[in-house]
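>>> turn this into a structure:
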Amino acid sequence: MANEFTFRITTTRFDEDYAPSESSRITTNFANLARGERRRENLRGALAMIDGRLNDLARTDNPRGDRYTAELDIVSAHLRFADAGDDREFPLLEVLDIHILDRVTGERHPGIVGNNFSSYLRDYDFSILLPSAQQTPGEFVVPEDFGDLHGKLFQHFLVSDAYRERFAPSPVVCISVSTSRTYRRNGNRHPVLGVEYEQDAFSLTDEYFAKMGLQVRYFMPRGSAAPLAFYHRGDLLADYTDLQLIATIATMETFQKIYRPEIYNADSPAGDVYRPSLERADFTPTEITYDRVERSQLASAQGKYAEEHLVAPHRQALTRWAARFPASAR
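Numbers count the residues shown, from 1 in each chain. So this is what the prediction gives:
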């Protein structure tokens, strides 16, 4: 396979001094928290929530509930094309890498990479490509190849030298459940992940992540108000330590409490049958400022950015490469 492009990885520490880089998606959840007059308070509050939940779940030999702290890095993957030009490099995606610092022993334990997932090309697919396919009122149409390029690029990134040199385990992406689906407990219970749910049908997001080579399971950890969606490649229950899973839960549940408090900071937890809703009134908002409307509005603008700087200038190279993408990797 010709080497039309390679990947370059950069990392940015996510702490109370975090400021978005120029190449970071302005709708990314991290950037949204780090803007405005309350940016430092927002970041400090989010990090405190993460550490609080981390220690709440990691209770063994932790009598004061302050043994662990999470160290977070935003991992940016840049797609670098061999051909010259202004659009030679494109900020393809961002994920989150976690380490857990044990304040008692001084050890730093590796967490799981993935967690949050942000992608310009996904903005293009959902905000530009998908709406353009809707021709008949009342009929929802999904293009047959919807998400194919994005999925192949993601899988190619995971087997790239850039990824393998930095990360040993496969990623886990942890996000909110879909408000368009109903979830039911199936009787399984994991000591860390909690009770397991199954959805009534795959959502478009589930299918999109499947093209990235990720399958999904839904779990509601102890003390949570709603299940989380865990997208993974291997064995979610066997491939990671309890502390790694705890760090992912603590981090992503915190972000979801900020982003979707109607679901994840609801006053009553999900029951045996659960239909998530953003219309609920019985929830407690966090004190952390997050502009959900702005994030939604900017998705279209960033989809157009991906079209102008990735899809259009590199369409032929990407189409040529995707046609040769090995079937075994799909």
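>>> ok, which stretches of the stretch 1-150 of the chain are helices?
29-33, 39-57, 120-124, 130-132, 148-158 (DSSP state H, counting those that start in this stretch).
>>> just say which of those is most tucked in.
Comparing those by mean neighbour count (mean count of other Cβ atoms under 10 Å), helix 120-124 ranks first with a mean of 24. C-beta here means a position set from N, CA and C on the backbone, and glycine is covered the same way.
>>> low pLDDT regions in this structure?
Filtered on pLDDT under 70, the chain yields the residue ranges 1-3, 21-32, 34-36, 83-86, 291-297, 327-330.
>>> go again using 50 as the cut-off
Scanning the chain with the threshold set as pLDDT under 50 gives 1-2, 25-27, 328-330.
>>> and the strands in it?
Along the chain, counting by DSSP state E, strands occupy 5-14, 68-81, 89-102, 108-119, 172-176, 183-190, 194-199, 215-220, 228-232, 273-274.
>>> out of these, flag the one nearest S127.
Closest approach to S127 among the strands of the chain is made by strand 108-119 (11.6 Å; Cβ to Cβ).
>>> redo the strands of the chain as CSV? Include distance to Y290 and mean neighbour count.
Below are the strands of the chain laid out as CSV (distance: least, Cβ to Cβ, whole Å; neighbours: other Cβ atoms under 10 Å):
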stretch, distance to Y290, mean neighbour count
strand 5-14, 15, 16
strand 68-81, 17, 20
strand 89-102, 17, 21
strand 108-119, 14, 21
strand 172-176, 13, 22
strand 183-190, 24, 15
strand 194-199, 25, 19
strand 215-220, 22, 20
strand 228-232, 18, 23
strand 273-274, 23, 16
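>>> which stretch among the ones you listed comes nearest R166?
strand 5-14 (6.3 Å).
>>> report the angle between the closest one and helix 39-57.
Taking axes from the mean of the first three to the mean of the last three Cα atoms, to 10 degrees, one finds strand 5-14 and helix 39-57 inclined to each other by 90 degrees.
>>> how many degrees apart are strand 5-14 and strand 108-119 in direction?
For strand 5-14 against strand 108-119, the angle between stretch directions is 120 degrees (the same axes, to 10 degrees).
>>> so which elements touch strand 5-14?
Using 3 or more Cβ pairs under 8 Å, 6 or more residues apart in numbering; DSSP states H and E as the contact test, the elements touching strand 5-14 are strand 68-81, strand 89-102, helix 161-164.
>>> could I get those as TSV with distance to A299?
Converted to TSV, those look like this (distance: least, Cβ to Cβ, whole Å):
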stretch	distance to A299
strand 68-81	18
strand 89-102	15
helix 161-164	26
